[in-house]
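Engineer: Give the three-dimensional model of this entry:
(chains A and B)
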Amino acid sequence: MDALSRRTLLKGLSAAAVAGAAGSALGCSAKTTTGTSGRIGADILPTFAQAGNAEPALKSASPLGMSGYFEYPPNPVASVSKPPLSGGQISALTYTFDPVAPGKSDNPLWQEVDKRLGGKLDITYAPAADYAQRFATTVAGGDLPDVVSIYGSVQQLPALLKAKFTDLTEYLSGDAVKDYPNLAGLSTDAWRKTVYGNALWGVPIARVPIPSVAWIRADLVAGTGLPAQPKDIGEFKALLKGLTNERKSRWACGDPGSTLTMIAASLGIPGSWSEDGGKFTSNIELEQYEKALADTRELADAGVFHPDGLVASNNQRNDWFTNGTTPIVFGGYAGWSKYEMWGAEVPGFKLGSLPMFGYDAASKPVHPRGSAAQAFTAVTQADPDRVREVLRVLDWLAAPFGSSEYLLRNFGIEGQTFRFEGKDPIVNSRGQNLRLVPFGYVAGPTLAIYDPGRRDVAQARFDYQEAALPILAPDPTQGLYSETDAAKGLQLGKDLTDTRNGILAGRAPVSSWKAAVTKWRNGGGDKIRAEFEQAFSEAGPK
Amino acid sequence: MTGLLETTAERRARRNRRPASDDRPAWMGRQPHWATAARGGLLTVACLAVIVPFVAVVMTSLAPQRDISARGGLVLFTSDPSLAAYRAVLSGGVVTRALSVSVVVTAVGTVLSLACTIMLAYALSRPGSLLHKPILLMTLFTLLFNPGMIPMYLIVKQLGLIDNLAALILPVVVNAFNVIVMRSFFLELPGELTESAKIDGAGELRILTSVVLPLSKAVVAVVGLFYAVAYWNAFFSALLYLPSPEKWPLQLVLRTFVVNQTPLGTDELSAATESLPPQASIQMAILVMSVIPILIIYPFIQKHFSKGLLIGAVKG
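Structural biologist: Just a heads-up that it's a prediction; the model follows:
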């Protein structure tokens, strides 16, 4: 699977991807700040209330955004006053992106978490890539733990939620969420990802919905006279062509697919789907999309892409970026500090980002939208008191940046796993192992921008976020479920990706795109559309 | 083949007796220099094709980020080797614990599998043993149809094996393919041997242990190796049947380093990111670590392995 559809699966970047259909209902990008999807779950969503009292150095203008901190807030206090458990036990099944953590008996950090919870938190987990299988067998086996992560594409999800999990609407809807102040601090958009059939089914793992950023080697562009911040498609093309020098084995970029996404966004093409009066249109059906495709093909013909660009892995592309083979790379917003880390040993390395530009003076560009929630944590059916107890534990885990709970979960115990250098907690090698327990994928707060000792990095991350959030592409499918999408979306998306790659590789003419779209429509695209439209009309105000 | 057996002195004597121009067959004659050179060149290329990737793997596992970035992936030589990747993988004790789990599962599993397979294959190779045909058919049937993930899980669960290391062994204790290989080997042993043992008063168990098995070392070694490698490499059953990560075998633990971090790229800033050495080094260090045990065992059973594969090759 190529990087594009992988990313689509991973975080629902279907907005940006060619595969309009590839995202699962869970993964489909979502619309928040304004407009269309406001009506989905409008009467049941929890009321937002800022959690925590640590005053950020950089405060986001959007509830979706991360706050920025230059140093760890002094004197962290507990955000939850009394332990959520009284001697009981909570079991959880979740996923992780980290290596295996030492088990509880060898892990004082985990033991300390148990102590402060006032009971036992037992977590079993699987690597994120294998989670679907683990989830499927656990559900089939019948005995579910108290909380289960719903991550990735799950077929028949609404029916499954109804059969096995707790409808959390009465516990969390509206002002009821105030009983769990840390959960109230999660963005409304993230909560919307847990809505199925006008009910709340879980606690979201919130993320900033900025999927990918066009990174640029500022040091390599400086002094070339090229437009480092292109204002329109002409300047963008000039930049790519100017950076390419095949004789010196340098190409502007190693990722034609993401370049296409960026050009499409410059034309203002909305997320994976757009909605107008209840009618849904996929981005790939739009004429502008074909225009973006033709522009990218033109760039490909001009040789600005690395010859292996279409088949490279993201790791490879990141290496090309670091060693200067391709001065532009499309990578996750979360990777900011990773690029800085990789580039630290490269002389002169300076990281920059390309802000979103409009195709021409008339177009209103969008920024590709990711998912406001990576997954959500559902609560297995239980009596109301037990559900409340479980939610209190999730609330404890979601304690925000700056609280003492957060300090414990992420850095551990002072003296044992970390020590303060100035005001910043620095984890030692033991702590780096012990803290790999995936607490954060069971429940966690909105993330924070915090790069100890790198004020410039924190500021740059924050500035990018503030510029991108207001122009995120809309996505009306948020909170809507399509069974066909969950079952066949990935395969349909892959077929489209194959056609797209054929065009970008010069094997097929741009005009062949229309046939691929027709095939997609007949193969299931139209059915997905119909299901979304029906779900949309059912979800509307009654 | 005679050329290999005679000593240099004998060969020289033979050459002296028979001038090069005589009519001996071509393969016994002296090779022209260009042919020797060509053969040497070919063998060198073949050796390099095997050795260079291995060197690249080892070197990359030792290389710092600077070298990996500069090369854009695999590194053939690093001037600044470090064991950081190995240290990162081995720190925390998780990998060492997983290593012991893997060793135990592989050892116990291989012994158990061999015992069951030998007994089943022997019984099926004896004409007229009880229910011989239906059992053989059932065994063959499993070659064609696989039960699938969820039915397997349900069976394992009903047997109470969830979170038990036995779940890594019992569901795969007998492999039909290996049974077939071993049975065909037993069938090729001359019937006279077992008959004469019978005349001497040996029972079936005695025949198996004293006559058949000593003659079957080669196939036992091969099948044993098949089983051992399968147990060593298995990670998926552990993923499904063992909820506690403390019980995970080496391959699954190593997988969390490779699979989790690789596609992740820059999509999620994970807790491990800042602490880990370059991803490529980690992957290669893991590769080296998972290959070493097999490399240690292989020389000891290699002779049986090649023999076992060739057995039957000239018997038609």
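
Engineer: how near is residue A:522 to residue A:274?
Structural biologist: Distance check for residue A:522 against residue A:274: by CB to CB, to the nearest Å, it reads 21 Å. Any C-beta I mention is one placed from the backbone N, CA and C, and that applies to glycine too.

Engineer: can you check residue A:133 too?
Structural biologist: Between residue A:133 and residue A:274 the distance is 35 Å, computed by CB to CB.

Engineer: ok, the two, which is more surrounded?
Structural biologist: Each of residue A:133 and residue A:274 had its neighbours counted (other CB atoms under 10 Å in any protein chain shown), and the higher figure belongs to residue A:274 (22 against 16).

Engineer: Name the nearest residue to the more buried one, ignoring sequence neighbours.
Structural biologist: Leaving aside its chain neighbours, residue A:274 sits nearest to residue A:281 (5.2 Å; criterion: CB to CB, 6 or more residues apart in numbering or on different chains).

Engineer: How about residues contacting the one helix or strand the one you found maps to?
Structural biologist: Mapping residue A:281 onto the secondary structure by DSSP states H and E places it in strand A:279-282. The contact list for strand A:279-282 (CB atoms under 8 Å, 6 or more residues apart in numbering or on different chains) reads A:20-21, A:272-275, A:476-477, A:525, A:529, A:532-533, A:536.

Engineer: repeat that for 6 Å
Structural biologist: When contacts are defined by CB atoms under 6 Å, 6 or more residues apart in numbering or on different chains, strand A:279-282 is touched by residues A:20, A:273-274, A:529, A:532-533.

Engineer: next helix or strand past that strand?
Structural biologist: Sequence-wise, the next helix or strand downstream of strand A:279-282 (DSSP H and E) is helix A:287-301.

Engineer: Let me see the contact set for residue 91.
Structural biologist: The chain I'm using is chain A. Applying CB under 6 Å, 6+ apart, we find residue A:91 in contact with A:122, A:145-146.

Engineer: My question was about chain B, not that one.
Structural biologist: Residue B:91 sits next to residue A:433 when contact means CB under 6 Å, 6+ apart.

Engineer: measure residue A:527 to chain B for me?
Structural biologist: As defined by CB to the nearest CB, to the nearest Å, residue A:527 lies at a distance of 26 Å from chain B.

Engineer: Next, count neighbours for the nearest residue to that residue once chain neighbours are set aside.
Structural biologist: Distances taken as CB to CB, 6+ apart put residue A:484 closest to residue A:527, at 4.6 Å, once the chain neighbours are dropped. Residue A:484 is flanked by 19 other residues according to other CB under 10 Å.

Engineer: Now residue A:484: which helix or strand?
Structural biologist: Taking DSSP H and E as the criterion, the element that holds residue A:484 is helix A:483-504.

Engineer: now for that helix, which elements pack on it?
Structural biologist: When contacts are defined as 3 or more CB pairs under 6 Å, 6 or more residues apart in numbering or on different chains; DSSP states H and E, helix A:483-504 sits against helix A:3-11, helix A:513-520, helix A:526-539.

Engineer: shaky segments in the stretch 51-200 of chain B?
Structural biologist: Counting by pLDDT under 70, the stretch 51-200 of chain B contains low-confidence residues at B:72-73.

Engineer: interface residues of it facing chain A?
Structural biologist: Within the stretch 51-200 of chain B, the positions adjacent to chain A are B:66, B:69-70, B:72, B:91-92, B:94, B:150, B:153, B:157 by CB under 6 Å from any CB of the partner chain.

Engineer: quick one: which of the contacts of strand A:279-282 is most hemmed in?
Structural biologist: Per-residue neighbour counts (other CB under 10 Å) across the contacts of strand A:279-282 peak at residue A:20, which has 33 neighbours.

Engineer: and residue A:251, what does it touch?
Structural biologist: Contact partners of residue A:251, counting by CB under 6 Å, 6+ apart, are A:244, A:305-306, A:326.

Engineer: returning to that earlier point: could you point out which of the contacts of residue A:91 is nearest to residue B:244?
Structural biologist: The nearest member of the contacts of residue A:91 to residue B:244, counting by CB to CB, is residue A:122 at 9.2 Å.

Engineer: so what's that closest one closest to, chain neighbours aside?
Structural biologist: Nearest one to residue A:122, counting by CB to CB, 6+ apart, is residue A:91 at 4.7 Å.

Engineer: According to the record, where do the domains of the chain fall?
Structural biologist: All of this refers to chain A. A:36-209+A:372-471, A:212-271+A:283-365+A:486-522 (automatic domain parsing).

Engineer: please go with chain B instead
Structural biologist: The domain map for chain B lists B:29-82, B:88-310, with the assignment taken from automatic domain parsing.

Engineer: who wins for proximity to residue A:95 among the ones you listed?
Structural biologist: Nearest of the domains of chain B to residue A:95, taken as CB to CB: domain B:88-310 at 9.2 Å.

Engineer: and the gap between the residue nearest to residue A:274 and residue A:292?
Structural biologist: Distance, residue A:281 to residue A:292, by CB to CB: 16 Å.

Engineer: the more surrounded of those two?
Structural biologist: Taking residue A:281 and residue A:292 together and counting by other CB under 10 Å, residue A:292 has the greater number of neighbours (25 against 15).

Engineer: circling back: for the contacts of residue A:91, give me CSV that also has pLDDT and secondary structure.
Structural biologist: Formatted as CSV, the entries for the contacts of residue A:91 read as follows, by pLDDT from 0 to 100; DSSP: H, G, I helix; E, B strand; the rest coil:
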residue, pLDDT, secondary structure
A:122, 95, strand
A:145, 95, coil
A:146, 96, coil
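
Engineer: Quick check on those residues: which are buried?
Structural biologist: Burial by neighbour count, judged by 16 or more other CB atoms under 10 Å in any protein chain shown, picks out A:122, A:145-146 from these.

Engineer: can you put those in JSON lines and add distance to residue A:470?
Structural biologist: As requested, the buried ones among the contacts of residue A:91 are exported to JSON lines (distance: CB to CB, whole Å):
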{"residue": "A:122", "distance to residue A:470": "42"}
{"residue": "A:145", "distance to residue A:470": "40"}
{"residue": "A:146", "distance to residue A:470": "39"}
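
Engineer: which one among the contacts of residue A:91 gets closest to residue A:446?
Structural biologist: Distances from the contacts of residue A:91 to residue A:446 were compared by CB to CB; the smallest belongs to residue A:146, at 23.7 Å.

Engineer: wait, doesn't the closest one sit right on residue A:387?
Structural biologist: No - here residue A:146 does not reach residue A:387: they are 9.3 Å apart, not a contact under CB atoms under 6 Å.

Engineer: thinking residue A:89 is in contact with residue A:121, fair?
Structural biologist: No - between residue A:89 and residue A:121 no contact is recorded; they are 7.9 Å apart, counting by CB under 6 Å.

Engineer: of those two, who's got more company?
Structural biologist: residue A:121 (24 against 12).

Engineer: related to what we said a few turns ago, export the domains of chain A as TSV, with columns for distance to residue B:51.
Structural biologist: Conversion of these to TSV gives the following (distance: least, CB to CB, whole Å):
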stretch	distance to residue B:51
domain A:36-209+A:372-471	30
domain A:212-271+A:283-365+A:486-522	24
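
Engineer: of those, which approaches residue B:199 most closely?
Structural biologist: Closest to residue B:199 of the domains of chain A is domain A:36-209+A:372-471 (CB to CB; 54.5 Å).
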